[in-house]
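**Student:** Sequence and computational prediction follow.
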Amino acid sequence: MASVRRAVILAAGLGTRMLPATKSVAKEMLPIVDRPIIQYAVEEAAAAGIEEIVMVLAPDRGAIREHFGGGSHTEAIARARGNAALVERVVAPERLAKFTFVEQREPLGTGHAVQQARAHLKGEPFALLFPDDIILGAAPCTAQLVGTYEGCGAAAVIAVQQVSAAQIPQYGIVDPEAPGNPARLRGIVEKPAASGAPSDLGVVGRYVLGPSIFDQIEKLEPGAGGELQLTDAIAGQIAAGEPVYACRFEGRRYDAGRPAGAIAAAVAAALDREELRTDLLAHLTTLMPREQ
């Protein structure tokens, strides 16, 4: 089985849940402490041994290209001033991996977005990351999935976490064949009612996918709005008898695509950094209501 050396990061969404901040700034470039949301996904992939990253962007995502592609105005000024420390901070993101940028010109679903990266994946398995999900922890989530993929001989591995009954209709929900972790799947359902859900394990925005996923995407019939959904393609893999596994990862996941989740992610990320922790705790203490 080929090792997982490449990743795809999807950054073509409209960011409507973060308006008006995302009216002119890509959601993925909003800051979490001192790094944009998307950089957390890139750093996670790099820590998992990923060497090449294909970013699928909407046409107006020039800031993401500049952040990871080099040649920014800030870099030029730092170099002109001979400020080596500042230059290093500016260019650090572009050194995390080799980057390729492709466009999804119309919002036609996650399956369609993944298709845009196909030519750059060389027929090899790849990690897929949705940057809205920031996952913090000692072991990178992507590394955990790669280990499962390579250890199980899987066609695909999906990150999942336990969700409450009230949250089930917001998630893709997996149907494991048996208890255990990882667990082979006999099905996956997109946003079911809690009463009919096959489990309480919700899909999180991390995957490792084998090249057969593209065969399934090509078979999809467009749904509402002409969209092709990745969940349907994975369901096709399962129906074809391919081994698809769910992996309950270790780590803390935050939905940075929503205001409350982004705030929580920023606080958690800052508390993980020694140089910020003490001052932040002091500020948080002043905000907490005192007992009467």
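**Tutor:** Alright, I've got the coordinates.

**Student:** quick one: buried residues of the helix or strand hosting Ile263?
**Tutor:** With elements delineated by DSSP states H and E, Ile263 resides in helix 259-271, which encompasses its position. For helix 259-271, a neighbour-count test (16 or more other C-beta atoms under 10 Å) marks 261-262, 264-267, 269-270 as buried. C-beta: built from backbone N, CA, C; applies to glycine.

**Student:** Which SSE is immediately downstream of it?
**Tutor:** Beyond helix 259-271 on the C-terminal side, the first helix or strand identified by DSSP H and E is helix 274-287.

**Student:** CA atoms only for that following helix, dumped as CSV, please.
**Tutor:** Once non-C-alpha atoms are left out, helix 274-287 reads as follows in CSV (Å, rounded to 0.1, in the frame of the first residue of the first chain):
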residue,chain,number,x,y,z
GLU,A,274,3.3,29.0,27.9
GLU,A,275,4.1,32.5,26.8
LEU,A,276,0.4,33.4,26.6
ARG,A,277,-1.2,31.2,29.3
THR,A,278,-0.5,33.3,32.4
ASP,A,279,-1.7,36.6,31.0
LEU,A,280,-4.7,35.0,29.3
LEU,A,281,-5.8,33.4,32.6
ALA,A,282,-5.6,36.7,34.3
HIS,A,283,-7.9,38.3,31.7
LEU,A,284,-10.3,35.4,31.8
THR,A,285,-10.5,35.7,35.6
THR,A,286,-11.7,39.3,35.3
LEU,A,287,-14.5,38.2,32.9
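
**Student:** Which secondary structure elements does that helix sit against?
**Tutor:** For helix 274-287, the contact count by 3 or more C-beta pairs under 8 Å, 6 or more residues apart in numbering; DSSP states H and E identifies helix 259-271 as packing neighbours.

**Student:** right, and Arg61 touches Lys27 too?
**Tutor:** No. Using C-beta atoms under 8 Å, Arg61 is not in contact with Lys27; the gap is 9.9 Å.

**Student:** coming back round to it: save the buried residues of helix 259-271 as JSON lines, and put in distance to Phe99 and pLDDT too.
**Tutor:** Written out in JSON lines, the entries for those read as follows (distance: C-beta to C-beta, whole Å; pLDDT from 0 to 100):
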{"residue": "Gly261", "distance to Phe99": "26", "pLDDT": "96"}
{"residue": "Ala262", "distance to Phe99": "24", "pLDDT": "97"}
{"residue": "Ala264", "distance to Phe99": "28", "pLDDT": "97"}
{"residue": "Ala265", "distance to Phe99": "23", "pLDDT": "97"}
{"residue": "Ala266", "distance to Phe99": "25", "pLDDT": "97"}
{"residue": "Val267", "distance to Phe99": "29", "pLDDT": "97"}
{"residue": "Ala269", "distance to Phe99": "23", "pLDDT": "97"}
{"residue": "Ala270", "distance to Phe99": "27", "pLDDT": "97"}
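
**Student:** could you show me where the helices are in the chain, in order?
**Tutor:** 37-47, 62-69, 73-80, 84-91, 110-115, 141-152, 212-219, 230-239, 259-271, 274-287 (DSSP state H).
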